[in-house]
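Asker: missing the sequence, but the structure's below:
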């Protein structure tokens, strides 16, 4: 653990990073590696977020790793259960011994003469700078800033006499029992917080500018639990996993092809759950089509039950200003509050927000294209895990592990030191994510582009990505392989030839 150079440096010890390390150990056993984790614990998202009721909105048979069956009865699992699962994976496979905690990566510089990355990580406790180098940089740092979420400034905030809390910085000692709470937001965090806080709060109001599609499903997967009794664990897990993958894909494609029909069905389901006492047309009828933004999943109808029993309510309106006692709305209504929770979203960042350069030239994310959703135009020996927006993150993370290890083994076999995707001609400039959610739109100008065609296109399709990643043709004319010092990563290669003849 004391060496300053490793073959592969993984950044992030969350769900993605631990999975990446498993694939690397399994398929590239001769490679040395380390994991740099900016915080002092394994788990990433599932250790960072501590707000009440924190859970996944994806089922654990698809959010779980392909190589480690999910064993708990609850398929829609809470944060502590997911954190336990990630840590178990690390401990069972000896991955935890490779983690260097409190190493927050700030910058990385590539040198084509030596075919190495030089990485600087700041010790998040002491402020000391740690310098390391590697041959391949594997980014598993997620897609949002850990330093803080999106937090708009509201008029009159200073006048409010209660507490204002953002879910990403949830205080350990916040007592909301018997208090009036307003949760600002309508996304996954808000619909999780409201029913959980409503169990002990005097009342919880979900204040939203615009509605979100909300869908209920059982927290436990009855068929999956039965299959575990009848079949070997890995078989039961595999069958459930594929059933859920295919259903997710079917529903997503149906929403794209017949948005009006799917929209009406979602509204009808909400009306069946809520009855006549809740105005579904006002509060659960978004202006956009299903899957233009991510749907909110609630387990066992918990949000709907809280709205029906009166422990929670939903208000669709705009904020005029905070007051000493709560929030005054544009409609003239005032919401009294002892605590206001700003569940207003995340801040997206590219590659963990680190500064990156290639042969002395800074990389400007908005000026490059992604390759297969894993690598980036002109950047050698770097891969990044970026999951699906319409399915479970880990499905793509596992496929990325397949692709990276195949690439590393190919380079080892043929004696190459570096590889980079090189664009030949106009790729087209399309947004990295075709998603209308606020957190995406706020960051879209700071993210890479995608092209109009494969392999420069970011697909939101697991079946397609199995062929494009797990079975990718590494001799596709786009990946250029080379050896240290033979050519620099900034060479144009206008004739389309590889860096080194094959």
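Answerer: Yep, that arrived. Remember, predicted model here, so these are calculated numbers, not experimental data.
Asker: quick one, what contacts residue 52?
Answerer: Residue 52 is in contact with 170, 193, 196-197, counting by CB atoms under 8 Å, 6 or more residues apart in numbering. From N, CA and C alone the C-beta is placed, and that goes for glycine too.
Asker: swap the cut-off to 6 Å and go again
Answerer: 196-197 (CB atoms under 6 Å, 6 or more residues apart in numbering).
Asker: what's the spacing between it and residue 179?
Answerer: The gap separating residue 52 from residue 179 is 13 Å, by CB to CB, to the nearest Å.
Asker: and the helix or strand hosting residue 247, what does it pack onto?
Answerer: In this assignment (DSSP states H and E), residue 247 forms part of helix 233-257. Packing contacts for helix 233-257, counted by 3 or more CB pairs under 6 Å, 6 or more residues apart in numbering; DSSP states H and E, involve helix 60-63, helix 222-230.
Asker: at 7 Å what do you get?
Answerer: helix 60-63, helix 222-230, helix 462-465 (3 or more CB pairs under 7 Å, 6 or more residues apart in numbering; DSSP states H and E).
Asker: Which one, of those helices, ends up nearest to residue 362?
Answerer: Nearest to residue 362, of all those, is helix 462-465, at 30.2 Å by CB to CB.
Asker: Each with direction, which strands does the helix or strand following that closest one pair with?
Answerer: Downstream of helix 462-465, the first helix or strand assigned by DSSP H and E is strand 479-482. If you go by DSSP bridges, strand 479-482 pairs up with strand 418-421 (antiparallel).
Asker: List the neighbouring strands of the helix or strand following the strand it pairs with plus their orientation.
Answerer: With elements assigned by DSSP H and E, the helix or strand that comes after strand 418-421 is strand 430-431. Partners of strand 430-431 in the sheet, by DSSP bridges, are strand 449-450 (antiparallel).
Asker: Could you chop the chain up by domain?
Answerer: 5-147+347-482, 157-342 (automatic domain parsing).
Asker: how long is the last one end to end?
Answerer: Just to be clear, that refers to domain 157-342. Start to finish, the residues bounding domain 157-342 are 12 Å apart (CA to CA, to the nearest Å).
Asker: Residue 98 contacts residue 33, correct?
Answerer: Yes - between residue 98 and residue 33 there is a contact under CB atoms under 7 Å: 6.0 Å.
Asker: in the chain, which spans are helices?
Answerer: 15-27, 45-48, 60-63, 79-92, 188-197, 222-230, 233-257, 259-274, 280-283, 302-309, 393-414, 438-441, 462-465 (DSSP state H).
Asker: Against which helices or strands is the fourth one packed?
Answerer: On a contact count with 3+ CB pairs under 7 Å, 6+ apart, helix 79-92 meets helix 15-27, helix 45-48.
Asker: Would you tell me which one of the ones you listed is buried the most?
Answerer: helix 15-27 (a mean of 24; mean count of other CB atoms under 10 Å).
Asker: Contacts for that one, please.
Answerer: Residues outside helix 15-27 that contact it (CB atoms under 7 Å, 6 or more residues apart in numbering) are 8, 10, 31, 33, 35, 42, 44, 65, 67, 86, 89-90, 93, 95, 98, 138, 140, 142, 385, 393-394, 397-398, 401-402, 405.
Asker: In PyMOL, how would I select the buried members of those?
Answerer: Selection of buried members from these for PyMOL, criterion 16 or more other CB atoms under 10 Å:
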select buried, resi 8+10+31+33+35+42+44+65+86+89+90+93+95+98+138+140+142+385+393+394+397+398+401+402+405
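Asker: Residue 271 - nearest residue in space that isn't next to it in sequence?
Answerer: Leaving aside its sequence neighbours, residue 271 sits nearest to residue 280 (CB to CB, 6 or more residues apart in numbering; 4.9 Å).
Asker: so the one you found makes contact with residue 273?
Answerer: No - taking contacts as CB under 7 Å, residue 280 lies outside contact range of residue 273: 8.9 Å.
Asker: Out of the domains of the chain, which is the most enclosed?
Answerer: Here the criterion is mean neighbour count by mean count of other CB under 10 Å, and of the domains of the chain the winner is domain 5-147+347-482, at a mean of 20.
Asker: Quick one: end-to-end distance for that one.
Answerer: Domain 5-147+347-482 has an end-to-end distance of 21 Å (criterion: CA to CA).
Asker: what residues are up against residue 189?
Answerer: Residue 189 makes contact with 167, 343, according to CB under 7 Å, 6+ apart.
Asker: And it, what's its pLDDT?
Answerer: Looking at residue 189, its pLDDT stands at 95.
Asker: Roughly how far does it sit from residue 339?
Answerer: Relative to residue 339, and taking CB to CB, residue 189 is found at 15 Å.
Asker: How about residue 122?
Answerer: Taken as CB to CB, the span from residue 122 to residue 339 is 34 Å.
Asker: who's in contact with residue 35?
Answerer: Each residue near residue 35 by CB under 7 Å, 6+ apart is listed here: 10, 13, 17, 21, 98-100.
Asker: Please report the distance of it from residue 18.
Answerer: Counting by CB to CB - residue 35 and residue 18 are separated by 8 Å.
Asker: Residue 398 too?
Answerer: To residue 18, residue 398 is 12 Å away according to CB to CB.
Asker: And residue 234, by the same measure?
Answerer: In terms of CB to CB, residue 234 sits 19 Å off from residue 18.
Asker: what's residue 344 sitting at in phi/psi?
Answerer: Per-residue torsions, residue 344: phi -100, psi 10 (degrees, to the nearest 10).
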